[in-house]
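**Student:** Make a model of this:
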Amino acid sequence: MIDKDLTAALLATELGADALLLLTDVPAVYEDWPEPRRRAVGSTTPQALRALDLAPGSMGPKAEAACRFAERGGFAAIGALEEARRVLTGEAGTRVSLAEAPKA
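**Tutor:** Purely as a prediction, here's the structure:
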C-alpha cells in the first residue's frame with residue numbers, strides 16, 4: 001500500500017521544497033486524543049512528535065511524514081485545509097522542525 005502523506009514528504013524532499021503542508025480536516029495534532037483533556041500541539045520536534053500515541057490509520061502517517069521531511073532540514077506543518085495560510089505561517093496547526101520547540 002502507498003501512503004499519500006509519506007509520498008508527499010518524499011516528493012517535497014526530491015523537489016527541494018522548504019516546507020511541507022499536510023492539510024486535513026482537523027486543526028492540529030492533538031496530544032491525548034480523543035480524551036477531554038486533549039491538547040493541540042503547536043510546535044514540536046520530530047522526536048517529540050514520534051513519542052505521542054497517534055492513530056496509525058489517521059494522524060500517525062501524517063505525523064511520520066512530517067517528521068521525515070523535517071529531519072531533512074525543512075519544516076512540516078499539519079492543520080486544517082481552511083486554515084492553510086495560517087498553518088504555513090505557524091499561526092495555526094502543528095509545526096514540526098529540528099529547531100527546539102517553544103516551552104508550553
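
**Student:** Count the residues that sit near Leu98.
**Tutor:** Neighbourhood size, Leu98 [other CB atoms under 10 Å]: 13. Just so you know, the C-beta spots here come from the backbone N, C-alpha and C atoms, and that holds for glycine as well.

**Student:** Over to Thr7?
**Tutor:** Neighbours of Thr7 under the rule other CB under 10 Å: 11.

**Student:** which strands and helices sit next to the host helix or strand of it?
**Tutor:** If you go by DSSP states H and E, Thr7 is part of helix 4-15. The contact analysis (3 or more CB pairs under 8 Å, 6 or more residues apart in numbering; DSSP states H and E) places helix 4-15 against strand 19-24, helix 59-70.

**Student:** pLDDT of the last one, averaged?
**Tutor:** Helix 59-70 comes out with an average pLDDT of 96.

**Student:** ok, now stretch 74-92?
**Tutor:** 96.

**Student:** Ala66 contacts Leu21, correct?
**Tutor:** No: contact criterion CB atoms under 8 Å: Ala66 and Leu21 do not qualify, at 9.5 Å.

**Student:** quick one, what contacts the spatially most central residue of the chain?
**Tutor:** Centroid-nearest residue in the chain: Ile78, 3.9 Å away (criterion: CA atoms, centre = their mean). Counting by CB atoms under 8 Å, 6 or more residues apart in numbering, Ile78 makes contact with 21-24, 28-29, 59, 62-63, 66, 87, 93-94, 96.

**Student:** can you give me how far the helix holding Thr7 is from the chain middle?
**Tutor:** Remark: helix 4-15 is offset 13 Å from the chain centroid, using CA atoms, centre = their mean, to the nearest Å.
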